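Chemist: Provided below for reference: sequence and predicted model.
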Amino acid sequence: MQLNDLYPAPGSTHSRKRVGRGPGSGHGKTAGRGMNGQKSRSGGGKRAGFEGGQTPLARRLPKLPGFRNINRVEYAPVNVGRLEQKFEDGDVVNAETLVEKGIIKNTRTLVKVLGDGELTKSLTVNVDKVSESAAKKIEAAGGKVELAC
């Protein structure tokens, strides 16, 4: 078999429809566009989303309410009760150790320790933010709070 022997399978290809090329072609005069009307004109037709003059869906629906702050900072919440379960007495709690224990997904996540639960172990907490109630519980258990920044 040579390159010049190759040809497409029978019926798999069709010749191009050449519209507007005379009456003998079967697609002359109006070129398959019918008679008059918007769709017969060059550049004619309706844009996407046009609903025939009815108010379009995109304008009937309300805009989102409220205000979205583009500078919002998200913190991963970690309760002191969870620290009680996962850490031993005297451990250091920071992003690396939280990832090791499977509490947060990666070290780039900002962490805030919240005060839900009880804490009996003395821990050194070095995270981005700590709530007031969590700081009291950590210090009451003999630990200390060090903020990362």
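Modeler: Nice, thanks for sending it over.

Chemist: which residues does the helix ranked longest in the chain contact?
Modeler: In terms of residue count, the longest helix belonging to the chain (DSSP state H) is helix 132-140. Residues outside helix 132-140 that contact it (C-beta atoms under 8 Å, 6 or more residues apart in numbering) are Asn79, Val80, Val113, Leu114, Gly115, Glu118, Leu119, Leu123, Val125, Val130, Lys144, Val145. To be clear about C-beta, it is placed using only N, CA and C from the backbone, and glycine gets the same treatment.

Chemist: go with 6 Å
Modeler: Residues from elsewhere that reach helix 132-140 (C-beta atoms under 6 Å, 6 or more residues apart in numbering): Val80, Val113, Leu114, Gly115, Leu119, Val125, Val145.

Chemist: ok, the third one to Ile104 distance?
Modeler: When distances are taken as C-beta to C-beta, to the nearest Å, Leu114 and Ile104 turn out to be 14 Å apart.

Chemist: for the residue of the chain most remote from its centre, grab phi and psi.
Modeler: For the chain, the largest distance from the centre (C-alpha atoms, centre = their mean) belongs to Gly24, which lies 55.4 Å off. Backbone torsions for Gly24, taken as degrees, to the nearest 10, come to phi -70, psi -20.
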